[in-house]
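> Here is a sequence with its predicted model. Questions after.
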Amino acid sequence: RVIMALISMVTLACGFARAPTLTVPTSSVQHPAMPILGMTPMIRMYEGEEFSREVRMKEELSSPFRALRFFTYSAMFLGGGASGYIAFTRVLASLSGFQGGDTLNRDAINLAVDVGVIVTAAVLLNLDLKSRKDKLNKIAKQLEIRKQRRENPAGSDDDPDLFVGGGD
């Protein structure tokens with residue numbers, strides 16, 4: 001229970017813990033190329049989604065190893081939590097006299113390392129999520145600029161080479 005409370009405090013302190021939400025389709029958006037191709041598939045937008053599928057896909061293309069990093073953070077949380085639980089129970093056993101006092105120092109160091117792994121994973125995950133959000137905002141802004149240029153090609157001063165992840 002103590003380890004779970006510690007993990008909960010770290011996730012809340014880092015700012016990426018929130019209540020789960022139910023996503024329900026609220027509208028459908030048609031891709032601009034579909035009428036030209038004579039196709040009618042629809043891209044679903046869900047309540048709570050800030051960015052379109054196109055923006056999310058372009059961000060994923062510009063950061064292809066982000067999912068691997070998220071998996072690594074999960075492994076760090078699980079590994080640090082499991083070994084931290086064991087180290088914590090060993091420290092409690094040493095303090096209560098069930099084990100010899102010579103293992104207390106070793107177990108306390110192990111517990112500190114496990115807590116350090118969990119905190120490091122939380123900080124890195126938080127930084128990665130902020131970076132992802134910033135990149136999504138930048139890509140969405142640049143796609144909006146391009147869309148405005150297509151609609152009004154003569155009235156735009158913006159730099160066309162600002163797109164993250166390369167050109168068209």
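Sure thing, it's come through. Numbers count the residues shown, from 1 in each chain.
> CA atoms only for stretch 66-83, dumped as CSV, please.
Output of stretch 66-83 as CSV, limited to C-alpha atoms (Å, rounded to 0.1, in the frame of the first residue of the first chain):
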residue,chain,number,x,y,z
ARG,A,66,8.4,7.8,-28.7
ALA,A,67,6.3,4.7,-28.2
LEU,A,68,9.4,2.7,-27.4
ARG,A,69,10.3,5.3,-24.8
PHE,A,70,6.8,5.1,-23.3
PHE,A,71,7.2,1.3,-23.1
THR,A,72,10.6,1.8,-21.3
TYR,A,73,9.0,4.2,-18.8
SER,A,74,6.3,1.6,-18.1
ALA,A,75,8.9,-1.0,-17.6
MET,A,76,10.8,1.3,-15.2
PHE,A,77,7.6,2.0,-13.2
LEU,A,78,6.8,-1.7,-13.0
GLY,A,79,10.3,-2.9,-12.2
GLY,A,80,10.9,-0.1,-9.7
GLY,A,81,7.6,-0.7,-8.1
ALA,A,82,8.0,-4.5,-7.8
SER,A,83,11.5,-4.4,-6.5
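> Pull the residues that contact that stretch.
If you take Cβ atoms under 8 Å, 6 or more residues apart in numbering as the criterion, stretch 66-83 is touched by 3, 7, 60, 110, 114-115, 117-118, 120-122, 124-125, 128, 132. Quick note: C-beta positions are derived from backbone N, CA and C, even for glycine.
> Helices along the chain, start to end?
2-14, 34-37, 53-62, 66-96, 102-151 (DSSP state H).
> Let's have these in JSON lines, adding mean neighbour count and mean pLDDT.
What follows is the helices of the chain, written out as JSON lines (neighbours: other Cβ atoms under 10 Å; pLDDT from 0 to 100):
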{"stretch": "helix 2-14", "mean neighbour count": "14", "mean pLDDT": "63"}
{"stretch": "helix 34-37", "mean neighbour count": "10", "mean pLDDT": "48"}
{"stretch": "helix 53-62", "mean neighbour count": "16", "mean pLDDT": "83"}
{"stretch": "helix 66-96", "mean neighbour count": "15", "mean pLDDT": "92"}
{"stretch": "helix 102-151", "mean neighbour count": "15", "mean pLDDT": "90"}
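> hang on, the earlier thing: what's the closest of the contacts of stretch 66-83 to residue 53?
residue 60 (10.3 Å; Cβ to Cβ).
> what sits against that closest one?
66, 67.
> I'd like the distance between it and residue 51.
11 Å (Cβ to Cβ, to the nearest Å).
> do the same with residue 139
On the measure of Cβ to Cβ, residue 139 and residue 51 end up 8 Å apart.
> Check residue 85 too.
Counting by Cβ to Cβ, the gap from residue 85 to residue 51 is 37 Å.
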